[in-house]
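>>> Need a 3D model of the sequence below.
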Amino acid sequence: MPIYQDSHRKLQDRFDTRRLADRLDESLVHSPILPDEKEFIENRDMFFLASVDARGHANCSYRGGHPGFVRVLDEHTLVFPNYNGNGMFLSMGNVLETQQIGMLFIDFEQGRRMRLNGEARISLDDPLRKDFPEAEFLVRVTPREIFANCPRYIHKMQLVERSRFAPTGTCSVPVPGWKKGDWVKDVLPVDDPAHDDTREVL
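I've put the predicted structure just below:
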């Protein structure tokens, strides 16, 4: 499918960027995951996830873990875990409904970013789930478009500390303090980690 629609062309023509846009599409946009992209993805500890529901309403969320929490299985497939969250399932509900997602990977230290757009499906009984400690389920993604972005607006940042809530498989993650509040504790799922009084609360 062509990457550009009439709305994109309208703005490209208004700002005389159609030729540039076509060159970028021809030169940069592809769908197989290349070896250096596999390395880049698997070295990231976070990404931004865009999704859309059937109404066309968009949602954007942040996903964090330890390097390798997004795994490239082959040149046409990657997988990432869905960890315990606030139970709204806005992104994952959109995946169930439309399967359309966008993933933005950024290396803030080296100044590199990459977009990956494609189709996603929730895999509740994925055979790889055991490899992702504390994952509720996995999400498998088939890329449609992959391309690097110009890094000029990326702010240079350095990692101070990874979240203690990101599962490692070596110990149970803490419970977020808000889940212990009186306003919410009576509506938590029966299997929510917040019911485990042996877990640290942060």
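>>> Let me know the pLDDT of the most centrally placed residue in the chain.
The residue lying closest to the centre of the chain (Cα atoms, centre = their mean) is residue 49, at 4.0 Å. With respect to pLDDT, residue 49 scores 98.
>>> Give me the contacts around the host helix or strand of it.
Element membership of residue 49 [criterion: DSSP states H and E] is strand 46-52. Strand 46-52 is contacted from outside by 58-65, 70, 90-91, 94-95, 98, 100-106, using Cβ atoms under 8 Å, 6 or more residues apart in numbering. Any C-beta I mention is one placed from the backbone N, CA and C, and that applies to glycine too.
>>> Let me see the mean pLDDT of the longest helix anywhere in the chain.
Identified as the longest helix of the chain according to DSSP state H is helix 18-28. For helix 18-28, the mean per-residue pLDDT is 97.
>>> With stretch 67-86 instead?
98.
>>> Give me the domain ranges for this structure.
Domains of the chain are assigned by automatic domain parsing as 31-149, 172-202.
>>> Determine which stretch of those domains is the most buried.
Of all these, domain 31-149 has the most neighbours on average by mean count of other Cβ atoms under 10 Å, namely a mean of 16.
>>> Quick check: end-to-end length of it?
15 Å (Cα to Cα, to the nearest Å).
>>> Residues contacting stretch 117-129, please?
31, 71, 79, 81-82, 92, 95-96, 99-103, 135, 137-146.
>>> mean confidence score for the longest strand anywhere in the chain?
The longest strand of the chain (DSSP state E) is strand 135-149. Taken as a whole, strand 135-149 has an average pLDDT of 97.
>>> before we move on, the earlier item: any chance of the domains of the chain in JSON lines, plus distance to residue 17?
Putting the domains of the chain into JSON lines (distance: least, Cβ to Cβ, whole Å) gives the following:
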{"stretch": "domain 31-149", "distance to residue 17": "15"}
{"stretch": "domain 172-202", "distance to residue 17": "44"}
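>>> right, so of these, which gets closest to residue 166?
domain 31-149 (4.8 Å; Cβ to Cβ).
>>> That closest one: how far from the chain's middle?
3 Å (Cα atoms, centre = their mean, to the nearest Å).
>>> Same question for stretch 153-171.
15 Å.
>>> pull the CA atoms of it into PDB?
Output in PDB follows, covering the C-alpha atoms of stretch 153-171 (Å, rounded to 0.1, in the frame of the first residue of the first chain):
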ATOM      1  CA  TYR A 153      15.400  17.500  17.200                       C
ATOM      2  CA  ILE A 154      16.300  14.700  19.600                       C
ATOM      3  CA  HIS A 155      17.300  16.200  22.900                       C
ATOM      4  CA  LYS A 156      20.500  14.600  24.300                       C
ATOM      5  CA  MET A 157      19.700  12.700  27.600                       C
ATOM      6  CA  GLN A 158      21.500  10.200  29.700                       C
ATOM      7  CA  LEU A 159      20.000   7.300  31.600                       C
ATOM      8  CA  VAL A 160      20.000   7.900  35.400                       C
ATOM      9  CA  GLU A 161      18.200   4.800  36.500                       C
ATOM     10  CA  ARG A 162      15.900   2.200  35.000                       C
ATOM     11  CA  SER A 163      12.500   1.800  36.600                       C
ATOM     12  CA  ARG A 164      12.400  -0.700  39.500                       C
ATOM     13  CA  PHE A 165       9.000  -1.700  38.200                       C
ATOM     14  CA  ALA A 166      10.400  -3.200  35.000                       C
ATOM     15  CA  PRO A 167      10.500  -7.000  35.400                       C
ATOM     16  CA  THR A 168      13.800  -8.700  35.400                       C
ATOM     17  CA  GLY A 169      12.800 -12.200  36.300                       C
ATOM     18  CA  THR A 170      15.100 -12.300  39.400                       C
ATOM     19  CA  CYS A 171      12.600 -10.900  41.900                       C
END
